[in-house]
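K.L.:
Sequence unavailable; structure follows:
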């Protein structure tokens, strides 16, 4: 097994934040992840009784939450702090946003239920369990984008403004602005 970290004094968390290969056993990352679990749970519970009051918890969880943005619980994130949600964006139930790298969601977006935004990547060569390497690439969703229910957006993808991604699509590469994309893998079928 190659020593990927020979001569690299950074912690695994520092490697993760730089978008480089890392092993996900960093104690600071574990602490931040647990913080996110607690806040997600508090948000879901508070939303039942007081959706407006629950927003304060959501603002604590996320890196940025735009005016009039609304997220229905449950919400699942790795850290939350690397997620930006633009103004007036609506996110339906059960978003999974693995924010090991930044996830930017623009303004006026509509995100259907059970959408997954996945920034982690893994090398394809076999690795011993204790040495599993990961990396991460950011996801960027432009303004006025619609993501259909069950859509999956993979690491490093950007979706241009005014685009629609069909339900169940798996977005493996960038989608230009003003496009309708569907399928697995998602492909642009026409301009909007």
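P.N.:
Okay, I see it. Here the structure is a predicted model, which is why all the values come from computation and not from measurement.
K.L.:
ok, longest helix in the chain?
P.N.:
helix 27-49 (DSSP state H).
K.L.:
now do the same end-to-end measure for stretch 182-192.
P.N.:
Terminal residues of stretch 182-192 lie 13 Å apart, using CA to CA, to the nearest Å.
K.L.:
Once you drop chain neighbours, what's closest to residue 58?
P.N.:
residue 43 (5.4 Å; CB to CB, 6 or more residues apart in numbering). All C-beta spots, glycine's among them, are computed from the backbone N, C-alpha and C.
K.L.:
If you tally nearby residues, what's the number for that neighbour?
P.N.:
23 (other CB atoms under 10 Å).
K.L.:
Can you give the contact residues for the helix or strand following the longest helix of the chain?
P.N.:
Remark: after helix 27-49, the chain's next helix or strand is helix 51-61, criterion DSSP states H and E. Under the criterion CB atoms under 8 Å, 6 or more residues apart in numbering, residues 36, 39-40, 42-43, 46-47, 65, 71, 73, 75, 77, 80-81 lie in contact with helix 51-61.
K.L.:
Need phi/psi at the residue most central in space within the chain.
P.N.:
Geometric centre of the chain, nearest residue: residue 97, 3.1 Å, by CA atoms, centre = their mean. With angles defined as degrees, to the nearest 10, residue 97 sits at phi -130, psi 100.
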